[in-house]
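Enquirer: Fold the stuff below for me.
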Amino acid sequence: MRGVDHHNERLFSYVRPDSRVPADHPLRVIRRITDAALTRLSPLFDTLYSDIGRPSIPPEKLLRALLLQAFYSVRSERQLMEQLNYNLLFRWFVGLSVDEPVWVPTVFSHNRERLLAGDIAAEFMEAVLNLPEMTPLLSSEHFSVDGTLIRAWASIKSFRRIDGSDQDGGPGRNGERNFHNDKRSNETHASTTDPHARLAKKSKGSEAKLAFTGHLLMENRNALVVDARLTQATGTAEPEAALDMLACVPGNAQITVGADKAYDTADFVAQARELRVTPHVAQNITPYRGSNIDARTTRHAGYRVSQVIRKRIEEANGWIKEVAGMAQTKHRGVARVAWSFQFAATAYNLIRLPKLMPTG
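Expert: Below is the predicted model:
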């Protein structure tokens, strides 16, 4: 028998959003871990807010909403607020009841600024990694490191001579410019939109673009990110940031780090060994130079294992850029872009947990 197309417009509903979410939904595990980490950050949140005045958006709800934006590739805060208005799953995860109004997008963005100033992204990552449920998932001996370019929120047309001697653009807001015979470099030029962005390219023959460099340190047991940094794009940014991250690894035991050919430099290998880190870097051997590591390192089976597992860090870089929307940042300045990059790295760890932990 054909069903009747009946429009049910009842005014009252007695169903909780929690009852609409399946018991084995992946977000249940993520919500449990996220709530535990945010509870640890509560004293830090207290220092960021005044005791008087109008109540702001709770930082816990704001961070949960930002996680959803990364998980589901929501491209803007305005679209995120639209989703929160009618999506019961989103409301349940953030902690809103069915009847609570969502926030105005500009108010949401303004409240996020306070978390940017408080370096909450790094503290949030540390709080997640230090939970008792996370400890068995992390290796304390074997790591991998890699860097990736994050496109800046600036046009190549904004890359102007520092002394102001280049020609002006054509009329209009986005006037044409003639770049022929104009040799541009980071020493003589700077972006007028984002002065921290630098002209860089990932490999020979690829397009140079205004960018930052993001750096990840991954443990090799379950390929979870244990540290994330973002710096200006320079020729030595990757090994320098890697050494900084390795120096922050707790403990004094000997550890290993897998990396690609970009880290096969004399300075990186020597300084890594001073930090009691065995550099399992891919050998960069060309007709003009040899590798900075030899058979004393490469003959061990552990070296070959590190070279296989280190490639999993590309999965983290790919997810952060394509799913979490960091291929091109929407912020300006190293501090703001670094905050977003670190937060996206934590979101990557959380999205991995449903397959590493029991659901329900």
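Enquirer: Contacts for the helix or strand hosting residue 296 next, please.
Expert: Using DSSP states H and E, residue 296 sits in helix 295-298. Residues from elsewhere that reach helix 295-298, judged by CB atoms under 8 Å, 6 or more residues apart in numbering: 278, 279, 280, 283, 303. Quick note: C-beta positions are derived from backbone N, CA and C, even for glycine.
Enquirer: Try it again at 6 Å.
Expert: Helix 295-298 has contacts (CB atoms under 6 Å, 6 or more residues apart in numbering) with residue 303.
Enquirer: Give me every residue in contact with the helix or strand just after it, excluding its own residues.
Expert: Using DSSP H and E, the helix or strand that follows helix 295-298 in sequence is helix 301-309. Applying CB under 6 Å, 6+ apart, the contact partners of helix 301-309 are 220, 256, 258, 280, 297.
Enquirer: From residue 86, how far out is the last one?
Expert: In other words, residue 297. Residue 297 sits 57 Å away from residue 86, going by CB to CB, to the nearest Å.
Enquirer: swap in residue 74?
Expert: Counting by CB to CB, the separation of residue 74 from residue 86 is 13 Å.
Enquirer: And residue 329, by the same measure?
Expert: On the measure of CB to CB, residue 329 and residue 86 end up 28 Å apart.
Enquirer: tell me the domain ranges of the chain?
Expert: The chain is divided into the following domains under automatic domain parsing: 17-118, 139-152+211-342.
Enquirer: so of these, which one's packed in deepest?
Expert: Comparing the domains of the chain by mean neighbour count (mean count of other CB atoms under 10 Å), domain 139-152+211-342 ranks first with a mean of 18.
Enquirer: Quick check on residue 283: phi, psi?
Expert: Backbone torsions for residue 283, taken as degrees, to the nearest 10, come to phi -70, psi 130.
Enquirer: need the contact list for it.
Expert: Going by CB under 6 Å, 6+ apart, residue 283 touches residue 291.
Enquirer: So for residue 229, what's the nearest residue that isn't a sequence neighbour?
Expert: Leaving aside its chain neighbours, residue 229 sits nearest to residue 215 (4.5 Å; criterion: CB to CB, 6 or more residues apart in numbering).
Enquirer: likewise residue 342?
Expert: That would be residue 121: by CB to CB, 6+ apart, it lies 3.9 Å from residue 342.
Enquirer: Check the secondary structure at that neighbour for me.
Expert: Taking DSSP: H, G, I helix; E, B strand; the rest coil as the rule, one finds residue 121 in the helix state.
Enquirer: Find the nearest non-adjacent residue to residue 103, please.
Expert: residue 57 (5.8 Å).
Enquirer: let me redo that: residue 321
Expert: Nearest residue to residue 321, sequence neighbours excluded (CB to CB, 6+ apart): residue 327, at 4.1 Å.
Enquirer: Check the spacing between residue 250 and residue 129 real quick.
Expert: 11 Å.
Enquirer: meant to ask about residue 21
Expert: From residue 21 over to residue 129 the distance is 26 Å, taken as CB to CB.
Enquirer: now residue 43
Expert: Distance, residue 43 to residue 129, by CB to CB: 18 Å.
Enquirer: would you list every one of the helices in the stretch 51-200 of the chain?
Expert: Per DSSP state H, counting those that start in this stretch, the stretch 51-200 of the chain carries helices over the ranges 59-71, 77-86, 88-94, 105-117, 120-129.
Enquirer: what mean pLDDT does the fourth one have?
Expert: With pLDDT averaged residue by residue, helix 105-117 scores 88.
Enquirer: Between helix 77-86 and that helix, find me the angle.
Expert: Put simply, helix 105-117 runs at 110 degrees to helix 77-86, going by axes from the mean of the first three to the mean of the last three CA atoms, to 10 degrees.
Enquirer: Let me see the residues that make contact with helix 105-117.
Expert: The contact list for helix 105-117 (CB under 6 Å, 6+ apart) reads 48, 56, 57, 62, 77, 78, 81, 339.
Enquirer: ok, those vs residue 211, which is closest?
Expert: Lowest distance from residue 211 to these (CB to CB) belongs to residue 339, with 16.9 Å.
Enquirer: Who are the contact partners of that closest one?
Expert: So residue 339 contacts 116, 121 (CB under 6 Å, 6+ apart).
Enquirer: And the pLDDT at it?
Expert: Per-residue confidence at residue 339 stands at 95 (pLDDT).
Enquirer: a markdown table please, covering the contacts of helix 301-309 and showing secondary structure.
Expert: As requested, the contacts of helix 301-309 are exported to a markdown table (three-state DSSP):
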| residue | secondary structure |
| --- | --- |
| 220 | coil |
| 256 | strand |
| 258 | strand |
| 280 | strand |
| 297 | helix |
